[in-house]
Structures are given as structure tokens and as C-alpha cells.
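1. I need the structure of the sequence given here:
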Amino acid sequence: IYETGRFRGKQAMLSLTTGSTEEDYLAGGFNGDIHAILRPIQRGMLQFVGFDVLAPQIVYAPVRQTDAVRQRILNDFSQRLRTIERELPIAVGQY
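-> Modelled structure (predicted):
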């Protein structure tokens, strides 16, 4: 469990899109703090079995973006994936 879990030494990252803007997912925002929303998955599922959790890849409201912006987002994610093994885990926090 946690530090001794089966996936100790491996990394995990959530990758997701939302239907709303980033402002809606800030603390106190319309939908609530996205990091608080993701914590049960990152802590209770990923860290629980030993994964080191990387910062989530979140794309806010892609349907509302221009094609150029969506392409930039894809390019940025592609670049991130090329060096992801060097990323450090985030502090997910306790419940």
C-alpha cells in the first residue's frame, strides 16, 4: 500500500478534457477545484498501489478552442510525452 505498492517506482498521469473553462475549475469556481476533484483518483487509486503521480494533463473546454489552439495543445502534449520519464511526481496530498 502506497510506498510498498505493486507499482512502486512506476509513474502514472491522468490525461483529461473538460467541458468548461479553467476558471470554472479553480477553487471556488462553478465546478470546484479540479485538483480536489482528481485527488481521490490520484491518491486513492494511483498512489494507493504505489505509483508516483505526475501532474495531470488537463485540456479545458477543447470544443471551444480554435483549430490552431487545439493543435498547439497537441504539440505541447507530444513534447511533454517525449521527456515524461524525467518528470518529478507531484504532491497529491492527504484526504
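2. Just read off the phi/psi values of the closest residue to E85 other than its chain neighbours.
-> Nearest residue to E85, sequence neighbours excluded (C-beta to C-beta, 6 or more residues apart in numbering): Q11, at 7.4 Å. C-beta here means a position set from N, CA and C on the backbone, and glycine is covered the same way. Backbone geometry at Q11, expressed as degrees, to the nearest 10, gives phi -110, psi 150.
3. List the contacts of Q11.
-> By C-beta atoms under 8 Å, 6 or more residues apart in numbering, Q11 lies in contact with F51, D52, V53, L54, I84, E85, E87, P89.
4. Try it again at 10 Å.
-> Going by C-beta atoms under 10 Å, 6 or more residues apart in numbering, Q11 touches L46, F51, D52, V53, L54, I84, E85, E87, L88, P89.
5. distance of the third one from L88?
-> Meaning D52. From D52 across to L88, the span is 8 Å (C-beta to C-beta, to the nearest Å).
6. got it, and the second one?
-> From F51 over to L88 the distance is 13 Å, taken as C-beta to C-beta.
7. same thing with the fourth one?
-> Separation of V53 from L88 (C-beta to C-beta) stands at 10 Å.
8. With neighbour numbers in mind, choose between the two.
-> V53 (21 against 9; other C-beta atoms under 10 Å).
9. ok, which stretches of this protein are helices?
-> For the chain, the helices defined by DSSP state H occupy 34-41, 67-82.
10. nearest to V59, of these?
-> helix 67-82 (5.5 Å; C-beta to C-beta).
11. Return the alpha-carbon coordinates of the closest one using CSV.
-> Extracted in CSV, the C-alpha atoms of helix 67-82 (Å, rounded to 0.1, in the frame of the first residue of the first chain):
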residue,chain,number,x,y,z
ASP,A,67,-8.2,24.5,-34.5
ALA,A,68,-4.9,26.4,-34.1
VAL,A,69,-5.1,26.3,-30.3
ARG,A,70,-6.1,22.6,-30.3
GLN,A,71,-3.0,21.9,-32.5
ARG,A,72,-0.8,23.8,-30.1
ILE,A,73,-2.2,21.8,-27.2
LEU,A,74,-1.5,18.5,-29.0
ASN,A,75,2.0,19.7,-29.9
ASP,A,76,2.7,20.7,-26.3
PHE,A,77,1.4,17.3,-25.0
SER,A,78,3.5,15.5,-27.6
GLN,A,79,6.6,17.3,-26.4
ARG,A,80,5.8,16.5,-22.8
LEU,A,81,5.5,12.8,-23.5
ARG,A,82,8.9,12.8,-25.1
